[in-house]
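Peer 1: sequence? don't have it. structure:
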């Protein structure tokens, strides 16, 4: 299951050059997906009205939420199929 608040690129604590580096969570999956959606919208000049940044932000988050929902739906179908097969 994909959880919106899970780290997108989590790192466990490690040692580098003799120094301890603590765990890092970085962006959540939701934040990462929204940033990628925003990047795509901004990259397409036909999709963006530069006077409406609120629209851009809201729709990038909606796209992220829709992706997470769809990923979870696909995982649920896969899990159900595995239960039926076993």
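Peer 2: Looks like it arrived, so ask away. Given the structure is predicted, the values throughout are model-derived calculations rather than measurements. Numbering: from 1, shown residues only.
Peer 1: hang on, residue 10 packs against residue 28?
Peer 2: No: using C-beta atoms under 8 Å, residue 10 makes no contact with residue 28, being 10.0 Å away. All C-beta spots, glycine's among them, are computed from the backbone N, C-alpha and C.
Peer 1: And the helices in the protein?
Peer 2: For the chain, applying DSSP state H gives helices covering 29-43, 53-85.
Peer 1: And the last one, what's buried?
Peer 2: Of the residues in helix 53-85, those buried under the neighbour-count criterion (16 or more other C-beta atoms under 10 Å) are 56, 59-61, 63-64, 67-68.
Peer 1: Same check on stretch 3-18?
Peer 2: For stretch 3-18, the neighbour count (16+ other C-beta under 10 Å) marks 4, 7 as buried.
Peer 1: What average pLDDT does it get?
Peer 2: Stretch 3-18 shows a mean pLDDT of 79.
Peer 1: just to revisit the earlier point, now for the helices of the chain, which one comes closest to residue 23?
Peer 2: Nearest of the helices of the chain to residue 23, taken as C-beta to C-beta: helix 29-43 at 16.6 Å.
Peer 1: neighbouring contacts of the closest one?
Peer 2: Helix 29-43 has contacts (C-beta atoms under 8 Å, 6 or more residues apart in numbering) with 2-9, 27, 47-48, 56-57, 59-61, 63-65, 67-68.
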